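**Student:** Below are the sequence and a predicted model; questions follow.
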Amino acid sequence: MSEQHQRTAQYEQNGQTHVQIASSQEKLHDYEEAIAILASKIRGELILPSNPAYEAERKVWNGLADGYPAAIVRCIDAEDVKIAVNFAREQAMTLSVRSGGHSAAGHGTNNGGLVIDLSYMKTITIDPVHHTARLEPGLTWGEVAKKLQTFGLALTSGDVASVGVGGLLLGGGIGWMVRAYGLTIDRLQAVELVTADGQLLRASADEHPELFWGLRGGGGNFGIATAFEVNLHPGGTVLGGAVFYEATEAERILREYTRLAAAAPDALSTEVLFMLAPPAPFIPPDKQGTPVVGIMVCYIGDISEGEGVVAPLRQLATPIADLIAPMPYSEIFALTGVGEIPGFQHHSRSQFFETFSDEMIHALVESAQSVISPETLISLRVLGGAMSRVAPDATAFAHRDKQGMVLITHFAPLSADAASLDALTQRVFRALLPYANGAYVGFLADEGEQRIREVYPTATYERLVAIKNQYDPTNLFHRNQNIKPTATRAMLVTSVSS
């Protein structure tokens, strides 16, 4: 792009920004009196379009979600959340909720509505004797890992340090210890949440048990979680890191990897990355920018035993870099720092797989090689272990039987051509469709109703609808992978009248 075109594009972008902010300010005139009352009630911070902080605070991780809300409420406690929920409901405003803001679909923002921002709610209370903790939703998983590291404890969670506790703990939680300790929701004992009618409830196996079932995998459909009570497990030092191979033998390496990883003890969780080698000190200069297969590992337990378990994965070919070593669990997030870059556009698709057939691996490698670029990151994860030993109907996460998952991502600055990046992502996604079965809500972008049904099979979906009808019949919480209520307006009016 020429310098003149860059100036023109910047001018147009700035002009569009001013128009959008003006539109959001106009929306405020409709709520002016109510906004003043809201500001007087909350203890947190109310950010309006006129606030100098607005431009920064309106943005979320995925730069494709370029929303201009009428107001942002940064809550500091559950009472603030209750006040903000009541305000949104009474004013019939579109409502978005965010903790870490990592929603691939950009659900943490909107145009002309209200955003409830939980990022100030970061209290963590740890009981090192009973191995339990209470987490507020604004914490990130990197922060939680560091706090728990002090006690030699951990909580299996997502891959990226900056992901918020709130979103992941309602969606499932497939992370570094998924085979050893299951999904993050499998460690969940109770959830405190504000429902659509402004009530603060505690859901557990004994209190609102059906709601508790739905919260474990059903996403943000039923309320705003203000705290999570969890059981912790051992953490401390793990055998972690990655080994990188040239991708010239990618198909053979992936066949061997999937066989070894599936047969490994539960203590080992792994993930493969297909990408171009980064310009990093640990990559030889002549290999930087070339296609590589990186196998990331996390072994929890005796390190000497782990060395033996991991050894075959380090000998699949001649490594161009081997970074596997003992490390504190909290440091393993450094491997996925690229996923933390805020404001980039992210085009992603994900799929579950029941098996790793030779045909599936061939389709993955062939399609990946056809799209590989500096913006490409394709991951394949072997599942099973503790995750698969929980009954499939024990929680709203319905894919316990799946043996693997693939995530296809293309990410780049907003100046890059979005249509081209999306087309590259779709090419790999479509190539794998014949072998796929199911989707993970935590990685779902804005992909339509059919994909939500792939997250929740019929029996699970119908059960979630019944919970939605009870706790959010007007669908106040719809900025999510939405479970639509079936209660009609006429039914609601009749219920209220009676």
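**Tutor:** That came through, no problem.
**Student:** how near is K402 to P284?
**Tutor:** 36 Å (Cβ to Cβ, to the nearest Å). Heads up, the C-betas are built off the backbone N, CA and C, glycines and all.
**Student:** Report all helices and strands that whichever strand or helix holds R252 contacts.
**Tutor:** Assigned by DSSP states H and E, R252 falls within helix 250-263. Secondary-structure packing of helix 250-263 (3 or more Cβ pairs under 8 Å, 6 or more residues apart in numbering; DSSP states H and E): strand 268-276, strand 291-300, helix 358-371, strand 376-382.
**Student:** one step back: ok, K402 and P284, which is more surrounded?
**Tutor:** K402 (20 against 11; other Cβ atoms under 10 Å).
**Student:** Next up, the contacts around that one.
**Tutor:** By Cβ atoms under 8 Å, 6 or more residues apart in numbering, K402 lies in contact with 352-354, 383, 437-438.
**Student:** which element is it on?
**Tutor:** Per DSSP H and E, there is no helix or strand for K402.
**Student:** returning to what we had before: relative to A247, which of the contacts of K402 is nearest.
**Tutor:** Within these, the smallest distance to A247 is 20.3 Å, found for F353 (Cβ to Cβ).
**Student:** what residues are up against that closest one?
**Tutor:** 360, 402-406, 432, 435-437.
**Student:** Please apply the same query to G100.
**Tutor:** G100 neighbours (Cβ under 8 Å, 6+ apart): 61, 119, 140, 162-168.
**Student:** Out of these, who's the most crowded?
**Tutor:** V165 (31 neighbours).
**Student:** can you map out the strands along the stretch 51-200 of the chain?
**Tutor:** Counting by DSSP state E, counting those that start in this stretch, the stretch 51-200 of the chain has strands at residues 71-74, 95-98, 114-117, 124-127, 132-135, 153-154, 188-194, 200-204.
**Student:** now those as JSON lines including mean pLDDT?
**Tutor:** Output for the strands of the stretch 51-200 of the chain, formatted as JSON lines (pLDDT from 0 to 100):
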{"stretch": "strand 71-74", "mean pLDDT": "97"}
{"stretch": "strand 95-98", "mean pLDDT": "98"}
{"stretch": "strand 114-117", "mean pLDDT": "98"}
{"stretch": "strand 124-127", "mean pLDDT": "98"}
{"stretch": "strand 132-135", "mean pLDDT": "98"}
{"stretch": "strand 153-154", "mean pLDDT": "96"}
{"stretch": "strand 188-194", "mean pLDDT": "98"}
{"stretch": "strand 200-204", "mean pLDDT": "98"}
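**Student:** Let's have these in a markdown table, adding mean neighbour count and distance to Y329.
**Tutor:** A markdown table is the format used below for the strands of the stretch 51-200 of the chain (neighbours: other Cβ atoms under 10 Å; distance: least, Cβ to Cβ, whole Å):
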| stretch | mean neighbour count | distance to Y329 |
| --- | --- | --- |
| strand 71-74 | 24 | 30 |
| strand 95-98 | 26 | 26 |
| strand 114-117 | 25 | 28 |
| strand 124-127 | 14 | 15 |
| strand 132-135 | 20 | 15 |
| strand 153-154 | 22 | 5 |
| strand 188-194 | 22 | 19 |
| strand 200-204 | 18 | 27 |
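**Student:** Which of those sits closest to V297?
**Tutor:** Nearest to V297, of the strands of the stretch 51-200 of the chain and by Cβ to Cβ, is strand 153-154 at 15.7 Å.
**Student:** number of nearby residues for N469?
**Tutor:** Around N469 there are 16 residues (other Cβ under 10 Å).
**Student:** how far away is it from I76?
**Tutor:** For N469, the distance to I76 - Cβ to Cβ - is 32 Å.
**Student:** and what of A203?
**Tutor:** Taking Cβ to Cβ, one finds A203 at 22 Å from I76.
**Student:** Same question for A154.
**Tutor:** Taking Cβ to Cβ, one finds A154 at 27 Å from I76.
**Student:** could you pull out the helices for the stretch 51-200 of the chain?
**Tutor:** 54-57, 78-90, 141-149, 165-171, 178-181 (DSSP state H, counting those that start in this stretch).
**Student:** out of those, nearest to V115?
**Tutor:** Nearest of the helices of the stretch 51-200 of the chain (Cβ to Cβ): helix 54-57, 8.4 Å.
**Student:** Check which helix or strand R400 maps to.
**Tutor:** Applying DSSP H and E, one finds R400 in no helix or strand.
**Student:** Hmm, it is touching M387, no?
**Tutor:** Yes - under the criterion of Cβ atoms under 8 Å, R400 makes contact with M387 at 6.3 Å.
**Student:** Can you pick out the residue with more neighbours from these two?
**Tutor:** M387 (26 against 19).
**Student:** Spatially nearest residue to the more buried one (excluding sequence neighbours)?
**Tutor:** G182 (4.7 Å; Cβ to Cβ, 6 or more residues apart in numbering).
**Student:** what number of residues lie near the one you found?
**Tutor:** Neighbours of G182 using other Cβ under 10 Å come to 24.
**Student:** Next up, phi/psi of it, please.
**Tutor:** Main-chain dihedrals, G182, degrees, to the nearest 10: phi 80, psi -160.
**Student:** Number the chain from 15, please
**Tutor:** Taking 15 as the first residue, the last one we looked at is G196.
**Student:** quick revisit: out of the strands of the stretch 65-214 of the chain, which comes closest to R441?
**Tutor:** strand 109-112 (30.7 Å).
**Student:** what packs against the closest one?
**Tutor:** Counting by 3+ Cβ pairs under 8 Å, 6+ apart, strand 109-112 packs on helix 92-104, strand 128-131, helix 179-185.
**Student:** run the last query once more with 6 Å
**Tutor:** strand 128-131 (3 or more Cβ pairs under 6 Å, 6 or more residues apart in numbering; DSSP states H and E).
**Student:** starting at the chain centroid, how far to the strand it packs on?
**Tutor:** 18 Å (Cα atoms, centre = their mean, to the nearest Å).
**Student:** Many thanks, I have nothing further to ask.
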